[in-house]
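Asks: Coordinates for the following, if possible.
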Amino acid sequence: MLLLSHAFSISSSFFLSYRLLPNYRHYLRAGAFAPGPFAAHAWLLLLIFPLWYLLLEALGLNSATRLSWRAVIARTVRLQLFGLGALSALIFAFKLQTVSRLIIFGFCVLLVPISIATRWLFLSVLEAHRSHIYNIARILVIGTRERAREFIRQARQAEEGHFEVLGCFEPEAAQAPREVEGVRVVGSTEILRCYLFAHPVDIVVFAMPPERVPEAKDLMDAAMELGLRVAVLPDFYVQRLGYTVDQQQVRIDSFFGRPVAALSSVPRHSSYLLVKRVMDIAISALLLLLLAPLLALLAILVKLTSPHGPVFYRWKVLGVNKKPFVSYKFRTMVPNAEELKPQILGRNEMVGPAFKMRDDPRITPLGRFLRKYSLDELPQLYSVLKGDMSLVGPRPPFQEEVDRYEFWQRRKLSIKPGITCLWQVNGRNHIHNFDQWAQLDLEYIQKASLWLDLKILLKTVPVVLRGRGAY
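Replies: Got it, this is the predicted structure:
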């Protein structure tokens, strides 16, 4: 429903922009508005729909989660600004002379109030739907101890009270308290079958181990025979350690067919990872195709200026969770660079396990130029296409570097390495402490999103063009 409301907002805004703007022709300079047939512009919706969907996802507007209206308005305005910029760039790049810039501008302006009004209408309808008596889930809880108490507290907080806990049952009702978190203890599980038959109930929740409930299987069968839902709360011990399932690092997953509480400090949103991989494949393949003549020229220059060594440097590094792989760069050093490295280790300018040296004597004259403009890293696009690397991610390290990592720095290897990341666009050669470098990588890992990836890629272009590559 939310996707349909977005589609309606976009389509209606685009159509209204086309229909309304001609009425204001007399306010514009002559020839400023010549819309032509609607079909000449309608095809743009094929670009607009996926582009706006990605922006909605990146800005957190593609879910029914309650946001303050101030946040909704601010994010919607940002959405239109980013979308207008992207559309303008596409129109300019492909020289779409028949497309009216004014219609595009009007579309982005109109979409702000229309999308806000549509979102308000959608949430109002959703709220009315959820508050209807038939959409309020009535729950019976089996158990009276801590697991039951925790569940009742969560049920009250979830979705602004769209659940109603009717009562609790306990196998030994005589020893149970009269109420649990303000919910009445109805009686023993012996009368549960009769209670289910006589009262409006939607869900039966076992908030205690089923093996401690007499005839638990028969009670579950009876509830399901009446068409009710049965939920069994597993005892995830991690909750007692301070982790709760609504925290970002905890999620419920299936592992070999069993429900488990999966803990991870690395955000792993499947939709983001899918889009990121598609973007990696598309951009790397396109760049390899477009830059093929340049790659061939650079390969020839490397061979001509340093004929005694290979064209490519086989970069043996570590990927996700220390999985080794081989990537490639244009060779920028003398053939025996690795043999000479022990002689210059004392001149390392980087504090920490990584080796950086501004005037490294092993670098060839052409290699210095290639490094300045990051041209030596272009062959890594093949590693991105193959899946060993991503366009955006922490730089892949050597084994000897990782062997010297501190414990907290090892988390750099928890995601796929990349060609560019926050380090490359936030200081790079001006950062001489590996701790700062690692902290930037960990910041990216924690905040990783499609929008952040796009921002890093856009920032990388001027950094490369200004010749701020690694030394």
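
Asks: what's the spacing between residue 315 and residue 330?
Replies: 11 Å (C-beta to C-beta, to the nearest Å). (Glycine included, C-beta is placed from N, CA and C.)

Asks: quick one: the strands in the stretch 351-471 of the chain?
Replies: Secondary structure of the stretch 351-471 of the chain (DSSP state E, counting those that start in this stretch): strands located at 390-392, 418-420.

Asks: Dump these to CSV, plus distance to residue 51.
Replies: As requested, those are arranged in CSV below (distance: least, C-beta to C-beta, whole Å):
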stretch, distance to residue 51
strand 390-392, 18
strand 418-420, 22
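
Asks: of all the ones you listed, which lies closest to residue 73?
Replies: strand 390-392 (29.6 Å; C-beta to C-beta).

Asks: quick check: mean pLDDT across that closest one?
Replies: On average, the pLDDT along strand 390-392 is 95.

Asks: and that strand, what does it pack onto?
Replies: helix 270-290, strand 418-420, helix 450-465 (3 or more C-beta pairs under 8 Å, 6 or more residues apart in numbering; DSSP states H and E).

Asks: who does it pair up with?
Replies: The pairing partners recorded for strand 390-392 under DSSP bridges are strand 418-420 (parallel).

Asks: List the buried residues of stretch 418-438.
Replies: 418-426, 428, 431, 434, 436-438 (16 or more other C-beta atoms under 10 Å).

Asks: Quick one: end-to-end distance for that stretch.
Replies: Counting by C-alpha to C-alpha, to the nearest Å, you get 14 Å between the two ends of stretch 418-438.

Asks: which other residues reach it?
Replies: Contact with stretch 418-438 is made by 349-354, 356, 358, 377, 380-381, 384, 389-395, 408-409, 412, 440-441, 443-444, 456-457, 459-460, 463, 468-471, as judged by C-beta atoms under 8 Å, 6 or more residues apart in numbering.

Asks: redo that, cut-off 7 Å
Replies: 349-354, 377, 380, 384, 389-395, 409, 412, 440-441, 443-444, 456-457, 459-460, 463, 468, 470-471 (C-beta atoms under 7 Å, 6 or more residues apart in numbering).

Asks: Now list the buried members of those residues.
Replies: Buried, going by 16+ other C-beta under 10 Å: 352-354, 377, 380, 384, 389-395, 409, 412, 440-441, 444, 456-457, 460, 463, 468, out of the contacts of stretch 418-438.

Asks: For residue 144, list the residues it contacts.
Replies: Applying C-beta under 7 Å, 6+ apart, the residues near residue 144 are 168, 170, 176-177, 180, 185.

Asks: For it, give me phi and psi.
Replies: Main-chain torsions, residue 144, degrees, to the nearest 10: phi -140, psi 0.

Asks: how does this protein divide up, domain by domain?
Replies: 2-131, 133-233, 270-465 (automatic domain parsing).

Asks: Take those domains and lay them out in a markdown table including distance to residue 241.
Replies: Output for these, formatted as a markdown table (distance: least, C-beta to C-beta, whole Å):
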| stretch | distance to residue 241 |
| --- | --- |
| domain 2-131 | 27 |
| domain 133-233 | 14 |
| domain 270-465 | 20 |
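
Asks: With respect to those, which exhibits the lowest mean confidence?
Replies: Sorting the domains of the chain by mean pLDDT places domain 2-131 lowest, at a mean of 77.

Asks: Buried residues, the helix or strand hosting residue 223. List them.
Replies: Residue 223 is part of helix 216-225, with elements assigned from DSSP states H and E. For helix 216-225, a neighbour-count test (16+ other C-beta under 10 Å) marks 216, 219-220, 222-223 as buried.

Asks: out of those residues, who's nearest residue 52?
Replies: Nearest to residue 52, judged by C-beta to C-beta, of those is residue 223 at 44.7 Å.

Asks: Please name the nearest non-neighbouring residue to residue 82.
Replies: residue 55 (5.7 Å; C-beta to C-beta, 6 or more residues apart in numbering).

Asks: ok, the one you found touching residue 84?
Replies: No: using C-beta atoms under 7 Å as the test, residue 55 is too far from residue 84 to be in contact (10.7 Å).

Asks: more neighbours, those two?
Replies: Using other C-beta atoms under 10 Å as the criterion, residue 55 and residue 84 rank with residue 55 on top: 22 against 17.

Asks: Dihedrals phi and psi, that one?
Replies: phi -70, psi -40.

Asks: go on, residue 341?
Replies: Dihedral pair for residue 341: phi -60, psi -40, per degrees, to the nearest 10.

Asks: do the same with residue 312
Replies: Per-residue torsions, residue 312: phi -110, psi 140 (degrees, to the nearest 10).

Asks: And for the closest residue to it other than its chain neighbours, the neighbour number?
Replies: For residue 312, ignoring the flanking residues on the chain, the nearest one in space by C-beta to C-beta, 6+ apart is residue 328 at 4.6 Å. Neighbourhood size, residue 328 [other C-beta under 10 Å]: 19.

Asks: ok, residue 328 - contacts?
Replies: Counting by C-beta under 7 Å, 6+ apart, residue 328 touches 312-315, 379-380, 382.

Asks: rerun at 8 Å
Replies: 312-315, 379-380, 382-383.

Asks: which is the next helix or strand following the longest helix along the chain?
Replies: Longest helix in the chain, counting residues (DSSP state H): helix 101-131. Going down the chain from helix 101-131, the next helix or strand is strand 137-142, by DSSP H and E.

Asks: List the contacts of the helix or strand following that following strand.
Replies: Sequence order places helix 146-157 as the next helix or strand after strand 137-142, per DSSP H and E. Residues from elsewhere that reach helix 146-157 (C-beta under 8 Å, 6+ apart): 139, 141-142, 163, 165, 168, 180-183, 205, 207-208, 233, 235, 239.

Asks: please redo it, this time with the cut-off set to 6 Å
Replies: 141, 163, 165, 180-181, 183, 207, 233 (C-beta atoms under 6 Å, 6 or more residues apart in numbering).

Asks: Restricted to buried residues, select these in ChimeraX.
Replies: Of the contacts of helix 146-157, the buried ones go into a single ChimeraX selection, burial set by 16+ other C-beta under 10 Å:
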select :141,163,165,180,181,183,207,233
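
Asks: For residue 49, state which of the contacts of helix 146-157 is nearest.
Replies: Once C-beta to C-beta is applied, the member of the contacts of helix 146-157 that ends up nearest residue 49 is residue 163, at 35.7 Å.

Asks: Could I get the contacting residues of residue 381?
Replies: Neighbouring residues of residue 381 by C-beta under 6 Å, 6+ apart: 284, 287-288.

Asks: wait, I meant residue 229
Replies: Listed by C-beta under 6 Å, 6+ apart, the contact set of residue 229 reads residue 203.

Asks: Pairing-wise in the sheet, spell out the partners of it.
Replies: Bridge pairing for residue 229 - DSSP bridges - gives residue 203.

Asks: Show me which residues of the helix or strand containing residue 85 are buried.
Replies: Using DSSP H and E, residue 85 maps to helix 69-93. Across helix 69-93, burial judged by 16+ other C-beta under 10 Å covers 72, 75-76, 79-80, 82-84, 86-87, 91.

Asks: out of those residues, who's nearest residue 334?
Replies: residue 86 (44.6 Å).

Asks: Tell me which of the domains of the chain sits nearest to residue 259.
Replies: Nearest to residue 259, of all these, is domain 133-233, at 9.1 Å by C-beta to C-beta.

Asks: so how far is that closest one off the chain centroid?
Replies: Centre-to-centre, domain 133-233 and its host chain are 37 Å apart (C-alpha atoms, centre = their mean, to the nearest Å).
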